[in-house]
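Student: Build me a structure from this.
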Amino acid sequence: MQDIKNEEYVTCPRCEKEVYKDAITCPFCNFGIMAWLEGVINENGEPMKKSSKQKVY
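Tutor: Numbering: from 1, shown residues only. Okay, the predicted model is just below:
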């Protein structure tokens, strides 16, 4: 583990533990890390709305 750099880890927004950045889900709380990093879901696990394509009236 010493040869792995800190840039390869992120902090899970749900359980606040360090998780490997390439993990699909957090091993501690099963949060979707990959989807969160790609902007598909927010830190609450809810789908992100694409505001650039929506019209605001």
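Student: Every contact and neighbour count from this point should use C-alpha atoms.
Tutor: Will do.
Student: which SS class is the residue nearest the centre of the chain?
Tutor: Residue closest to the average C-alpha location in the chain (CA atoms, centre = their mean): residue 36, at 3.0 Å. Three-state call for residue 36 (DSSP: H, G, I helix; E, B strand; the rest coil): helix.
Student: just checking, it touches residue 44?
Tutor: No. Look at residue 36 against residue 44 with CA atoms under 8 Å: they stay out of range, at 9.3 Å.
Student: Report the contact partners of residue 40.
Tutor: With contact taken as CA atoms under 8 Å, 6 or more residues apart in numbering, residue 40 is in contact with 47-48.
Student: average model confidence for stretch 13-26?
Tutor: Mean per-residue pLDDT for stretch 13-26: 93.
Student: Start and end of it, how far apart?
Tutor: End-to-end span of stretch 13-26 (CA to CA, to the nearest Å): 10 Å.
Student: Name the residues of it that come out as buried.
Tutor: Across stretch 13-26, burial judged by 16 or more other CA atoms under 10 Å covers 13-14, 19-21, 24-26.
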